[in-house]
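Asks: Need coordinates for the following:
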Amino acid sequence: MKNDTRQQDRPIAIWLLVCCAMILIMAVIGAITRLTESGLSIMEWNPIGGALPPLSETEWQRLFTIYQQIPEYQQENAGMSLEEFKGIFWWEFIHRLWGRAIGVVFLVPFLWFWLRGQIRRALVPHLLCMFLLGGLQGALGWYMVASGFADRTDVSQYRLTAHLLAAFAIYAYLFWVALGLLFPQPGHKAAEASTRLYRPLALLPWLIVTTIASGGLVAGLNAGMIYNTFPLMEGQIIPPAYNDITPWYINLFENVAAVQFNHRLLAVTTVAMTLGIWLYAWRLPRSRPLNKALHLLVLAALVQLSLGISTLLLVVPITLGALHQAGGLLFLTASLYSLFLARRDKNPSLI
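Replies: Okay, the predicted model is just below:
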């Protein structure tokens, strides 16, 4: 019976992992959209009709005229030609179109599996919640974009960070459920080692998410465009401008020096913790899958740190900036995979 259930669950797990891959691509597209300053080029939210691009020069001109009314155009892009506008328009259009595609790829197979009776009853609420969260993420994306229409030339760093974290949360939810469906019940071989590793591995994803949140603030404030040295900032570990804003706590969210320093500190701390877990695990008997997962985890951490430093030193080139965002999601993936295996080895009765 258990093997039959696993066979029934496997297509659903693969479908969820395909959705995860699409969210990863979405993160890359979103990073490029932000780095090319394309996010404010479409000032209308039309979930249905907006799936089609402008089909005439008249429509292109209408959209361009709307864009010319916002501060970004007036203060930063005054004199932009229609052809230049099309360049930024397409990135935002692709970003929104890909979001719609994720919705379709999620909804259609869900209905197919559900109508055929292939989804276990306990799984249905999770899948409905995932779909609802995806729709809310689209609304949150528009809420973020709308923050750049009136009094500023960019979107709010708070809304950008919320939009980024929501995407990562949805991805993590899908990935975790897919793992539970895909992997068979483990044995008792490495229960003791997994018990010792479980707590630090359970803490690590939260630390990664906190680091990602600080990266969202860096992106929202364009803080990566200054202090392009490492490890020092203006010749010091802690930049002199760290506490320039009153009250002090506002520095954590709106001071570019403080925001960039905090992101650096969190990133180095997260990688150091990952290395510590990996080294500690060498002293313990581990299941083979968990051993491989820990190797992938430390590799993801080192690659992401290298991408972050390179992006900073080269003043945020678009390619590296996009790869750095994707690297953060892959680092989180590796941490969740390691945690999942440790949890299963620790509690073999889980299914």
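Asks: Now do stretch 64-79: everything it contacts.
Replies: Contact partners of stretch 64-79, identified using CB atoms under 8 Å, 6 or more residues apart in numbering, comprise 37, 40-41, 43-44, 80, 82, 84-85, 148-154. Where C-beta positions appear, they are placed from N, C-alpha and C, glycine not excepted.
Asks: Counting neighbours, what do you get for R343?
Replies: Using other CB atoms under 10 Å, R343 has 18 other residues around it.
Asks: in which helix or strand would I find it?
Replies: Assigned by DSSP states H and E, R343 belongs to helix 318-346.
Asks: buried residues in that helix?
Replies: Of the residues in helix 318-346, those buried under the neighbour-count criterion (16 or more other CB atoms under 10 Å) are 320-346.
Asks: and that helix, what's its mean pLDDT?
Replies: Here the mean pLDDT over helix 318-346 is 94, rounded to a whole number.
Asks: same deal with stretch 26-43?
Replies: Rounded mean pLDDT across stretch 26-43 is 95.
Asks: CA atoms of it as PDB?
Replies: Output of stretch 26-43 as PDB, limited to C-alpha atoms (Å, rounded to 0.1, in the frame of the first residue of the first chain):
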ATOM      1  CA  MET A  26      11.200  34.100 -12.200                       C
ATOM      2  CA  ALA A  27      13.700  35.200  -9.600                       C
ATOM      3  CA  VAL A  28      16.400  35.700 -12.300                       C
ATOM      4  CA  ILE A  29      13.900  37.500 -14.500                       C
ATOM      5  CA  GLY A  30      12.900  39.700 -11.600                       C
ATOM      6  CA  ALA A  31      16.500  40.500 -10.800                       C
ATOM      7  CA  ILE A  32      17.200  41.500 -14.400                       C
ATOM      8  CA  THR A  33      14.000  43.600 -14.400                       C
ATOM      9  CA  ARG A  34      15.200  45.500 -11.300                       C
ATOM     10  CA  LEU A  35      18.800  45.900 -12.400                       C
ATOM     11  CA  THR A  36      17.700  47.300 -15.800                       C
ATOM     12  CA  GLU A  37      15.300  49.600 -14.000                       C
ATOM     13  CA  SER A  38      12.400  48.200 -16.000                       C
ATOM     14  CA  GLY A  39      10.000  47.600 -13.200                       C
ATOM     15  CA  LEU A  40       8.000  50.900 -13.500                       C
ATOM     16  CA  SER A  41       7.600  50.700 -17.300                       C
ATOM     17  CA  ILE A  42       4.100  49.200 -17.200                       C
ATOM     18  CA  MET A  43       1.700  51.300 -15.100                       C
END
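Asks: Next, the buried residues of that stretch.
Replies: Going through stretch 26-43 with 16+ other CB under 10 Å, the ones that come out buried are 26-42.
Asks: What are the contacting residues of that stretch?
Replies: With contacts defined as CB under 8 Å, 6+ apart, stretch 26-43 is touched by 50, 63, 66-67, 70, 72, 76, 85, 87-96, 98-99, 102, 145, 148-149, 154-155, 160, 164, 167, 219, 316, 318, 321-326, 329.
Asks: Of those, just the buried ones, PyMOL syntax please.
Replies: PyMOL command restricting the contacts of stretch 26-43 to the buried ones, with burial defined by 16+ other CB under 10 Å:
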select buried, resi 63+67+70+72+85+88+89+90+91+92+93+94+95+96+98+99+102+145+148+149+154+155+160+164+167+219+316+321+322+323+324+325+326+329
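Asks: tell me how far stretch 115-124 is from the chain's mean position?
Replies: Here stretch 115-124 shows a centroid-to-chain-centroid distance of 28 Å under the convention CA atoms, centre = their mean, to the nearest Å.
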